[in-house]
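S.K.: Here is my input; please provide its structure:
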Amino acid sequence: MSLPISLVRFRGIFLLAAFLARPVVCTATGDDRSERLPEQYRSWLEKEVVYIIDDKERDAFLDLQSVGEWEAFTKAFWKRRDPDRLTPVNEFKEEHYRRLEHANRVLGRESSVPGWMTDRGKMYIILGEPNDTDTFRSVPGLYPAELWFYLARPEKALPPMYLLFFQDGHAGAYRLFNHVIDGPDKLMPAAGFSSTGDRLEAYQLLQTISPDLAHASVTMRADRGGYGNVFDVESSSLDSMSLLADIYVSPHRRVDTRYVGDAARGRGIVESNYLFNYVPSAGTANVVPGPNGASFVHYSIEIEPQHLTLAKDDSTYFTTFELSGEVTTADGERTILRLSKERFLTLTEAQFQQVSHRPFAYRSMFPLVEGDFNFRIVLKNRARSEYTIFETPIRVPERDGTPALSDPILLYENIARPDSGGDQYSAYHIGSLELDPNARRIYAIGETLVVYVPVENASAEDVLSMKIESLGPSGEIGEGQPMTTRRLGDYRDAQVVQSLSTEGLDGGHYRLVVDLNHQSGEPVESRSVDFDITPLTRVARPWSLSDSIDGTDAGPVLASLAEQYLNLGDMENAGEMFRRSLAETPGLTTPRIFLARVALDDDKPDEAIGLLEPALEENKDNVELLLTLADAYARVADYERARELFEASIVLRRPTTTLLNALAACHAKLGNNEKARDYLEQSLALDATQEKVEFLLERLQASTSR
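M.R.: Got it, this is the predicted structure:
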């Protein structure tokens, strides 16, 4: 067969493209990392999903280190492709394995290799059942052939197309017709075409057999063809190679593979079954002054509706949210607060329909001592083992009684003022205001921007001014647009809630600047927050689940702050806060334990006993209370009571050498030498290097033998 000069000129390029586009029919990945995979997961990667897994996914899978991670990856892989996550069946996965089974059972009959490795098997696994199929197995002079026709698939960016397979040499597996190296004459080796014009002659002869077959012999594209492709070999070959490349990437077109990179955020933070199920979110954390001189961190985490999956049982939708978080010092050296919560969510069918198209927000709050910190929250959705992470630095200023601003809190348009009065304080529920924070900080053009500004210790005559500045791509600040200037006394209940119009502002990045000025005009403080204006006509408001402590309950709040000071090593402030919390709520146990230990350090065991005995009846399973109270009784030589408390604690906690030695000492003082020896022997069994304990045991044994 002769080739046009233009095709000869680019033959090297076409052959390279043909090689790259050829179906892969070997199991090797070409990566040594696959050698260490357990057979189950190597087979999954190299046989079961070899045609539908993205390169990024394959690379991430090969980097995994444990069975738990490989198992989590495979589950996430299928879930990302599930067309309807509310149903228990993954339709995509079932269809894929049906295609794989069909390929192995039917499409490998003519070959010694499994059907999934053949050209027909690969295309069937990728594209599924053809819309139409023609077979040509008994046509004189024609190699056995199959012609598959597929309608256009816009969602896969695929036009209507033909896939032509033929049995080269009348033997072996059917191979895909390659328009770069195969011409129409390839299908009819015995036809005896002339040395020139053989492409046209072969095409015309194929038309007498089947016009569709003739068309497919010059191009894969069903929407382009005819004699033009017979003569323009270069263009038709490029079209076919381009279409073949599109077919190979079509399984990945609508799969967001960012999850394999997102897993790096969760490694070491979440369990392996969650690892590859990270979902993006937007979050905000706002420091707001609260009751009893405490500052509170209010936070909101928003998840877009397409990233929130609920389980379904009959007509009820449900899940359990599990929240874990921590606050560390800015240098990461100390953890001063750990958070752990669970909330069950259930929705009726009607409720689900109302909120399913809107973002979801999880909101809560906690008190925090002054200082600079890092805050991280991991929010898990148990329904589908999904999680998200929100991290941000936090600064809590010292509340010294001087006028001060906190960072402005951007809100959605409506502000609720409940009828419950002005003394409530919970997550984004501040006095008479119930705030709806905009964690995404996005507004539509022309939409009203609402801002809440926490202000402390300012006079009604002091002035707040607000302006909006535009921010350039590199963070440069444009000219500010003044929005409002008002006396603090002009705001209802002295709570600064201001509505600002975004009319005249184009889509882009902006900064809201709030300045507090003394009535004399002297600047006091300035705060700012960035936000975006989007060309969208509206921004959907989230529905929310709130889980909050009562900020007005002084005892627990002060006790929490005391424990934070304790974790910071600030014993003075910790003691002061514990004393205040106990005065507010005498029933609290943690302050009593701390203050009792302080009393013991000051050699005041009677004071420690007076603090702890009233709490014992309600806290019989509190090991720290039992041990501290037992220590106090031992110091006043009430060894029988100390023994009783020590032995009550030993059934609640795995025994330590310290506890066993204390019990031995009590029994020895009471004259129970046999019991004392028994506890000392248990202590030495845990740690045989205790020389003093070994010496005491020898003395007890000697005294008993006498």
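S.K.: From now on I want contacts and neighbour counts done on CA atoms only, so please keep to that.
M.R.: Will do.
S.K.: Run through this structure and note the low-pLDDT ranges.
M.R.: By pLDDT under 70, the weakly predicted segments of the chain are 1-31, 192-197, 226, 228, 414-422, 474-475, 704-706.
S.K.: can you list the domains in it?
M.R.: 5-30+81-252, 279-546, 554-705 (automatic domain parsing).
S.K.: In a markdown table, list those along with mean neighbour count and distance to Glu71.
M.R.: Converted to a markdown table, these look like this (neighbours: other CA atoms under 10 Å; distance: least, CA to CA, whole Å):
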| stretch | mean neighbour count | distance to Glu71 |
| --- | --- | --- |
| domain 5-30+81-252 | 17 | 15 |
| domain 279-546 | 17 | 13 |
| domain 554-705 | 18 | 34 |
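S.K.: Any chance of a markdown table for those domains, columns distance to Asp63?
M.R.: A markdown table is the format used below for the domains of the chain (distance: least, CA to CA, whole Å):
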| stretch | distance to Asp63 |
| --- | --- |
| domain 5-30+81-252 | 13 |
| domain 279-546 | 21 |
| domain 554-705 | 38 |
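S.K.: Please identify the nearest residue in space to Leu435, excluding sequence neighbours.
M.R.: Here the nearest residue to Leu435 in space, its sequence neighbours aside, is Tyr428; by CA to CA, 6 or more residues apart in numbering that works out to 5.2 Å.
S.K.: follow-up on the earlier one: now for the domains of the chain, which one comes closest to Arg258?
M.R.: Counting by CA to CA, Arg258 lies closest to domain 279-546 out of the domains of the chain; the figure is 9.7 Å.
S.K.: Phe296 is in contact with the residue nearest to Leu435, correct?
M.R.: No: using CA atoms under 8 Å, Tyr428 is not in contact with Phe296; the gap is 10.2 Å.
S.K.: how about the residue nearest to Leu435, what does it touch?
M.R.: Residues in contact with Tyr428 (CA atoms under 8 Å, 6 or more residues apart in numbering) are 298, 364, 434-437.
S.K.: And for Pro251?
M.R.: With contact taken as CA under 8 Å, 6+ apart, Pro251 is in contact with 52-53, 126, 156.
S.K.: Between all of the residues you listed, which two are separated the most?
M.R.: Within the contacts of Pro251, Ile53 and Lys156 form the most distant pair, 15.3 Å apart (CA to CA).
S.K.: rewinding a little: which of the contacts of Pro251 lies closest to Thr657?
M.R.: Of the contacts of Pro251, the one sitting nearest to Thr657 (CA to CA) turns out to be Ile53, at 55.0 Å.
S.K.: Show me where the stretch 201-350 of the chain has its helices.
M.R.: 211-216, 227-231, 233-249, 259-266, 349-355 (DSSP state H, counting those that start in this stretch).
S.K.: List the buried residues for the fourth one?
M.R.: For helix 259-266, burial by neighbour count (16 or more other CA atoms under 10 Å) applies to 259-260, 262-263, 266.
S.K.: Identify the residue nearest Ala404 in space, chain neighbours excluded?
M.R.: Per CA to CA, 6+ apart, closest to Ala404 is Glu456, 5.3 Å.
S.K.: Okay, that neighbour and Glu304: tell me how far apart.
M.R.: When distance is defined by CA to CA, to the nearest Å, Glu456 is 35 Å away from Glu304.
S.K.: for Pro289, same thing?
M.R.: Relative to Glu304, Pro289 is positioned 30 Å away (CA to CA).
S.K.: And Thr534, by the same measure?
M.R.: 16 Å.
S.K.: same thing with Ala191?
M.R.: Counting by CA to CA, the gap from Ala191 to Glu304 is 63 Å.
S.K.: What of Leu411?
M.R.: As for Leu411, its distance to Glu304 is 17 Å (criterion: CA to CA).
S.K.: Which one of the helices of the stretch 201-350 of the chain lies nearest to Ala676?
M.R.: helix 259-266 (49.4 Å).
S.K.: What are the contacting residues of the closest one?
M.R.: 56-57, 60, 275-279, 389.
S.K.: any idea how far that helix is from the chain center?
M.R.: How far helix 259-266 lies from its chain's middle: 8 Å, per CA atoms, centre = their mean, to the nearest Å.
S.K.: Likewise for stretch 605-613?
M.R.: 48 Å.
S.K.: Only C-alpha atoms, please: export that stretch in CSV.
M.R.: What follows is stretch 605-613, C-alpha atoms only, in CSV (Å, rounded to 0.1, in the frame of the first residue of the first chain):
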residue,chain,number,x,y,z
PRO,A,605,-4.4,16.8,104.6
ASP,A,606,-7.4,17.7,106.7
GLU,A,607,-8.3,20.5,104.2
ALA,A,608,-8.0,18.1,101.3
ILE,A,609,-10.3,15.6,103.1
GLY,A,610,-12.8,18.4,103.7
LEU,A,611,-12.8,19.2,100.0
LEU,A,612,-13.1,15.7,98.7
GLU,A,613,-15.4,13.8,101.0
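S.K.: Now Ile377: closest residue in space that isn't a chain neighbour?
M.R.: Using CA to CA, 6+ apart and skipping the chain neighbours, the partner closest in space to Ile377 is Gly325 (4.2 Å).
S.K.: was I right about the one you found contacting Lys341?
M.R.: No: using CA under 8 Å, Gly325 is not in contact with Lys341, being 9.2 Å away.
S.K.: what sits against the residue nearest to Ile377?
M.R.: Going by CA under 8 Å, 6+ apart, the list of residues near Gly325 reads 338-340, 375-378.
S.K.: Strands - which of those land there?
M.R.: Using DSSP state E, 338-340, 375-378 are the members of these that sit in strands.
S.K.: How much space separates Glu479 from Val288?
M.R.: Where Val288 is concerned, Glu479 sits at a distance of 29 Å (CA to CA).
S.K.: Can you get me a residue count around Asp32?
M.R.: 10 (other CA atoms under 10 Å).
S.K.: how about it, what does it touch?
M.R.: For Asp32, counting by CA under 8 Å, 6+ apart, there are no contacting residues.
S.K.: now with 10 Å?
M.R.: When contacts are counted by CA atoms under 10 Å, 6 or more residues apart in numbering, Asp32 is found next to Leu62.
S.K.: Against Lys56, how distant is it?
M.R.: For Asp32, the distance to Lys56 (CA to CA) stands at 16 Å.
S.K.: For the stretch 501-650 of the chain, which segments count as strands?
M.R.: In the stretch 501-650 of the chain, the strands defined using DSSP state E, counting those that start in this stretch lie at 508-517, 523-534, 543-546.
S.K.: so which of those strands gets nearest Arg492?
M.R.: Of those, nearest to Arg492 by CA to CA is strand 508-517, at 17.2 Å.
S.K.: now the angle from that closest one to strand 523-534?
M.R.: Strand 508-517 and strand 523-534 are oriented at 160 degrees to each other (axes from the mean of the first three to the mean of the last three CA atoms, to 10 degrees).
S.K.: Against which helices or strands is strand 508-517 packed?
M.R.: Contacts defined by 3 or more CA pairs under 10 Å, 6 or more residues apart in numbering; DSSP states H and E place strand 508-517 against strand 404-405, strand 463-471, strand 481-487, strand 523-534.
S.K.: Need these in a markdown table (columns: distance to Asp515).
M.R.: Formatted as a markdown table, these follow (distance: least, CA to CA, whole Å):
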| stretch | distance to Asp515 |
| --- | --- |
| strand 404-405 | 9 |
| strand 463-471 | 5 |
| strand 481-487 | 9 |
| strand 523-534 | 4 |
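S.K.: Going along the chain, name the strands of the stretch 151-300 of the chain.
M.R.: 161-166, 175-176, 282-289, 295-303.
S.K.: for the ones you listed, which one sits closest to Asp490?
M.R.: Across the strands of the stretch 151-300 of the chain, closest to Asp490 is strand 282-289 (CA to CA), at 20.4 Å.
S.K.: Direction included, what does that closest one pair against?
M.R.: strand 295-303 (antiparallel) (DSSP bridges).
S.K.: What helix or strand is Val400 located in?
M.R.: If you look again at residue 400, you'll see it is Asp, not Val. Using DSSP states H and E, Asp400 sits within no helix or strand.
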